[in-house]
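Enquirer: Sequence and predicted structure are below.
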Amino acid sequence: MAGHVNLAYDYPVLGAFWTAMWVFLWIMWVILLFRVVLDVFRDDTMNGWAKAGWLVFVLVLPFLGVFVYVVVRGRDMGRREQQHVRAQREEVERYLRDTAGTGTSAADQLAKLSEIRARGDLSDEEFARAKEKILH
């Protein structure tokens, strides 16, 4: 072995700390960059040219672009994120309501069943079976 072998104790603790810090900051920078790009696309108040301008600015000069975007438009980023989450939640709830059925209670279903029976469209035997199905 002619060359020098690097061992774990050749790397100082302070060097490991700085490496971990730079990796952490780089990951945070990438997350912030993605958040800004998503916010540009999510913002309905900007027209297409404004969105294109911000995207070019953020992608050509990423550090300056993200810094300027956060300073100029950062106040409403949280509001737009909350609106997006609220809209998603409402969409999921609407989908679940539509998929699960009308969402009526057992009492409402029994009242409708009684009306159908009163009109004569349902026999007593069919009413009993349907009532049993609703109650169990």
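Expert: Yep, it's here.

Enquirer: Please make it C-alpha for all contacts and neighbour counts, starting now.
Expert: Will do.

Enquirer: where does the one residue sitting closest to the centre of the chain land on pLDDT?
Expert: The structure's the chain has its C-alpha centroid closest to Val85; by Cα atoms, centre = their mean the separation is 5.3 Å. On the pLDDT scale, Val85 is placed at 92.

Enquirer: If you count contacts, what does the top helix by length along the chain end up packed against?
Expert: Longest helix in the chain by number of residues (criterion: DSSP state H): helix 13-42. Packing partners of helix 13-42 (3 or more Cα pairs under 8 Å, 6 or more residues apart in numbering; DSSP states H and E): helix 48-60, helix 62-73, helix 77-100.

Enquirer: Which elements pack onto the last one?
Expert: Yep, that's helix 77-100 we're talking about. helix 13-42.

Enquirer: and Lys131, helix, strand or coil?
Expert: What DSSP: H, G, I helix; E, B strand; the rest coil gives for Lys131 is helix.

Enquirer: for it, what are its contacts?
Expert: Leu110, Leu113 (Cα atoms under 8 Å, 6 or more residues apart in numbering).

Enquirer: For Met21, see how far away it is.
Expert: 66 Å (Cα to Cα, to the nearest Å).

Enquirer: ditto for Tyr69
Expert: 24 Å.

Enquirer: more crowded one of the two?
Expert: Tyr69 (18 against 12; other Cα atoms under 10 Å).

Enquirer: how far away is the more buried one from Val56?
Expert: 12 Å.

Enquirer: Repeat that for Phe24.
Expert: In terms of Cα to Cα, Phe24 sits 26 Å off from Val56.
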